[in-house]
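K.L.:
here is a sequence together with a model predicted from it:
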Amino acid sequence: MEQQKIFTPYQAFMIAVLSFIQFTVVLDFMVLSPLGAILMPTLHISPQEFGLVVSAYAFSAGASGLLAAGFADKFDRKKFMLFFYVGFLVGTAFCASAQSYTFLLAARIFTGIFGGVIGSVSLAIITDVFKPEVRGRVMGFVQMSFAASQVLGLPIGLYLANHLDWHAPFWMIVGVGGLVGIVMFMKMQPLTQHLALQKEGNAFVHLFETVSKPHYLRTFLGTILLATGGFMLMPFGSAFSTKNLGIAIEDLPLLYGVTGVASLIFGPFLGKLSDKIGKFNLFIAGTILSSLLVGIFCNLGHTPLWIIMLINVFMFAGISSRMISSSALMTSVPAPQDRGAFMSVNSSIQQISGGIASIVAGMIVVKAPDGHLERYDMLGYTVIASMLITIVLLKWVDTFVKTHRA
């Protein structure tokens, strides 16, 4: 196969490990959205309170990422990853033990403190291990974790939640994550090459130097709007599907599963395509496609399940194109000695922006007495605007990479 020619066996192993790690982290976040239809009546919480549960993870993840950024380039990346992954699994176990809204909120904050750093460390590892010419392919495989969480995680998680209770999906994540952590500890090689490039000095000085570079700041600005588009629709997706579109809650696993299978197919293809035609070109195409379908989706009323599946498949294809291409493009922005700090800050900004977006979404969307969500069309228009503006910001990033990192 072509991948065997491009990647060494160890690189293929690293892609698999990073993909499984992202699978558990993404599933831990994504499972809250479909569980919203169960959690809100069970714990007697409003859409605004549920939005706070979602955003609490994002805010704590963002804060911890900023605090960890100055230290991210000071340690072996393997040890750094293991420390935060163990903390993430402990936090997920707390979520699985929650019996009240307050405890769940606190557990989400704890989980976010550790989970928020994992994505940035993964990107730093990808940048260390893989050349720029193949990072689109790598991101295509790693981003399959989003699809895998839909194909395997969300349907199984929803099945467990419907037949046991809503705690069960979190226990499932802890079990899978524990196995992944053991494999990573035993087989992953230390990553210490970046340590030789470090200057002597305070970690917070390193953080300040990273966030003060103009070309990094432009990238961070692009990340803000990328996160806005992604996080706004996610918290109320299941509630909108069941209350507004007329999808039975028992059909949600099928809806997410079909969308996920399609995303699994699209992921590697889109990653390879981004390396072939250019990451920014794929980003533009994905933005146009997803913007059109978000506009359609957010204005629908009761709709047959097969039509919703069709819209979701192509909408997620557009979103995946944006995620894969922008992530691969941004890995080329930082200098080697700044990779860990840059990725941590970028991840933090993404999480904090996503948290703000979730709160704003909760302010825009209103729950009617009969359970319908009102003003969802306004939410869609807001998402579309942020997507289109991001094209301009990512053009800055693309120009910088071509002129300074070629």
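P.N.:
The structure has been received and is ready for your questions.
K.L.:
which residue ranges of the stretch 301-406 of the chain form helices?
P.N.:
The residue ranges that make up the helices of the stretch 301-406 of the chain, judged by DSSP state H, counting those that start in this stretch, are 305-330, 339-364, 376-404.
K.L.:
and the gap between the nearest residue to Ser149 once chain neighbours are set aside and Ile308?
P.N.:
On the basis of C-beta to C-beta, 6 or more residues apart in numbering, the spatially nearest residue to Ser149 that is not a chain neighbour turns out to be Leu27, at 4.0 Å. Any C-beta I mention is one placed from the backbone N, CA and C, and that applies to glycine too. In this structure, Leu27 lies at 22 Å from Ile308, with C-beta to C-beta, to the nearest Å as the measure.
K.L.:
for Ala227, same thing?
P.N.:
25 Å.
K.L.:
now Leu373
P.N.:
In this view, Leu373 and Ile308 are 15 Å apart by C-beta to C-beta.
K.L.:
quick one: residues contacting Gly112.
P.N.:
Residues counted as contacts of Gly112 (C-beta atoms under 8 Å, 6 or more residues apart in numbering) are Ala56, Tyr57, Ala58, Phe59, Ser60, Ala61, Ser64, Gly91, Gln351.
K.L.:
not counting its neighbours along the chain, what's nearest it?
P.N.:
Leaving aside its sequence neighbours, Gly112 sits nearest to Ser60 (C-beta to C-beta, 6+ apart; 3.5 Å).
K.L.:
now the host helix or strand of the one you found against helix 339-364, angle please.
P.N.:
When secondary structure is defined by DSSP states H and E, Ser60 falls within helix 47-69. With axes from the mean of the first three to the mean of the last three C-alpha atoms, to 10 degrees as the criterion, the two stretches helix 47-69 and helix 339-364 enclose an angle of 170 degrees.
K.L.:
and helix 47-69, what does it pack onto?
P.N.:
helix 32-42, helix 101-129, helix 203-211, helix 339-364 (3 or more C-beta pairs under 8 Å, 6 or more residues apart in numbering; DSSP states H and E).
K.L.:
gap between it and the chain center?
P.N.:
Its chain's average C-alpha position is 13 Å from that of helix 47-69, according to C-alpha atoms, centre = their mean, to the nearest Å.
K.L.:
buried ones in the very next helix or strand once past that helix?
P.N.:
Taking DSSP H and E as the definition, the helix or strand that follows helix 47-69 towards the C-terminus is helix 77-97. Of the residues in helix 77-97, those with enough neighbours to count as buried (16 or more other C-beta atoms under 10 Å) are 77-78, 80-82, 84-85, 87-89, 91-96.
K.L.:
next one: stretch 380-396
P.N.:
By neighbour count, and taking 16+ other C-beta under 10 Å as the criterion, the buried residues in stretch 380-396 are Gly380, Thr382, Val383, Ile384, Ser386, Met387, Thr390, Ile391, Leu393, Leu394.
K.L.:
output the residues you listed in JSON lines; the columns should cover pLDDT.
P.N.:
JSON lines is the format used below for the buried residues of stretch 380-396 (pLDDT from 0 to 100):
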{"residue": "Gly380", "pLDDT": "90"}
{"residue": "Thr382", "pLDDT": "90"}
{"residue": "Val383", "pLDDT": "90"}
{"residue": "Ile384", "pLDDT": "92"}
{"residue": "Ser386", "pLDDT": "89"}
{"residue": "Met387", "pLDDT": "90"}
{"residue": "Thr390", "pLDDT": "90"}
{"residue": "Ile391", "pLDDT": "91"}
{"residue": "Leu393", "pLDDT": "87"}
{"residue": "Leu394", "pLDDT": "90"}
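K.L.:
and those residues as TSV, adding distance to Pro132?
P.N.:
Converted to TSV, the buried residues of stretch 380-396 look like this (distance: C-beta to C-beta, whole Å):
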residue	distance to Pro132
Gly380	35
Thr382	34
Val383	30
Ile384	31
Ser386	27
Met387	25
Thr390	21
Ile391	21
Leu393	20
Leu394	16
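K.L.:
Val17: which of those residues is nearest?
P.N.:
Val17 has its nearest neighbour among the buried residues of stretch 380-396 in Leu394, at 28.6 Å by C-beta to C-beta.
K.L.:
quick one: residues contacting that closest one.
P.N.:
Contact criterion C-beta under 8 Å, 6+ apart gives Gly222, Phe280, Phe283, Ser326, Leu329 as the residues in contact with Leu394.
K.L.:
what about the closest residue to Thr192 other than its chain neighbours, how many neighbours?
P.N.:
With C-beta to C-beta, 6+ apart as the measure, Asp76 is the residue that lies nearest to Thr192, at 5.0 Å, once sequence neighbours are left out. Around Asp76 sit 14 other residues, with neighbours defined as other C-beta atoms under 10 Å.
K.L.:
verify the stated contact: Asp76 with Met188.
P.N.:
No: here Asp76 lies out of contact with Met188, judged by C-beta atoms under 8 Å, at a distance of 10.2 Å.
K.L.:
the stretch 101-250 of the chain: helices as residue ranges?
P.N.:
For the stretch 101-250 of the chain, the helices defined by DSSP H, counting those that start in this stretch occupy 101-129, 135-142, 144-148, 154-163, 168-187, 203-211, 214-233, 237-243.
K.L.:
and of those helices, who's closest to Leu270?
P.N.:
The closest of the helices of the stretch 101-250 of the chain to Leu270 is helix 135-142. By C-beta to C-beta, the value is 5.6 Å.
K.L.:
report pLDDT for the nearest residue to Gly65 once chain neighbours are set aside.
P.N.:
The shortest distance from Gly65 to any residue other than its chain neighbours is 3.2 Å, reached at Ser348 (C-beta to C-beta, 6+ apart). With respect to pLDDT, Ser348 has a value of 78.
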